[in-house]
Structure formats: structure tokens, C-alpha cells
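Predicted model follows, preceded by the sequence.
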Amino acid sequence: LPYIYHKKSREEEKLEMIETAVTDLKGNIADTVQKSLDSVQGLLEQQQNKLHSLALDLASTQSKVALLPSESYTVGDLKG
């Protein structure tokens, strides 16, 4: 009987170790995923700001083009 009890106790210890390892792994994965999501969110915000800036530049250029004579214009005209 002591052998069976001892064997069960060792198996319970192993199971507890596995459960602890799984819990730790779950926490590590959650942290990694959160950091990745935060990074992606930051990149998306940067892209959104860049797109907004480009949209403003496009609108400005379009308004300048509308004021130019329809015959011809140069890149220098657009930059001015």
C-alpha cells in the first residue's frame, strides 16, 4: 500500500508541475500577444496619421491645379 500511495503522490506532483508550467505558459503567451497588439496598434496609428497628411497634401495640390491655366503647368507651379 505505501508503494501505491507513493506512486500516486509522485504522479500528483508531476501533474501539479505540468499545470504550473501550462499556467506560466498561458501568462507568457497572453503578455506576448498583448505586446504584439500594442505594437500593431501603434503602427496603425502612424499609418493613419501619414494617410491623413497625404490626403491634406493631395487636397492642397488639387486646389493649386484648379487655379492654374488649363493649357500647361510645371512641377514647379505645383510646388509653389
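Arrived safely. Residues are numbered from 1 along each chain as shown.

could you say what helices and strands the helix ranked longest in the chain packs with?
Longest helix in the chain by number of residues (criterion: DSSP state H): helix 2-67. Contacts defined by 3 or more CB pairs under 8 Å, 6 or more residues apart in numbering; DSSP states H and E place helix 2-67 against helix 75-79. Every residue, glycine included, has its C-beta placed from N, CA and C.

Now the helix it packs on: average pLDDT?
Here helix 75-79 scores 67 as its mean pLDDT.

Kindly report the same for stretch 21-33.
For stretch 21-33, the mean per-residue pLDDT is 97.

With only the CA atoms kept, save it in PDB.
Extracted in PDB, the C-alpha atoms of stretch 21-33 (Å, rounded to 0.1, in the frame of the first residue of the first chain):
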ATOM      1  CA  ALA A  21       4.000  25.100 -16.400                       C
ATOM      2  CA  VAL A  22       0.800  25.400 -18.500                       C
ATOM      3  CA  THR A  23      -0.400  28.300 -16.400                       C
ATOM      4  CA  ASP A  24       3.000  30.100 -16.800                       C
ATOM      5  CA  LEU A  25       3.000  29.500 -20.500                       C
ATOM      6  CA  LYS A  26      -0.500  30.800 -20.800                       C
ATOM      7  CA  GLY A  27       0.500  34.000 -19.000                       C
ATOM      8  CA  ASN A  28       3.600  34.400 -21.200                       C
ATOM      9  CA  ILE A  29       1.500  33.900 -24.300                       C
ATOM     10  CA  ALA A  30      -1.000  36.500 -23.100                       C
ATOM     11  CA  ASP A  31       1.700  39.000 -22.400                       C
ATOM     12  CA  THR A  32       3.300  38.400 -25.800                       C
ATOM     13  CA  VAL A  33       0.000  38.700 -27.600                       C
END
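
Since that was my last question, I'll sign off now.
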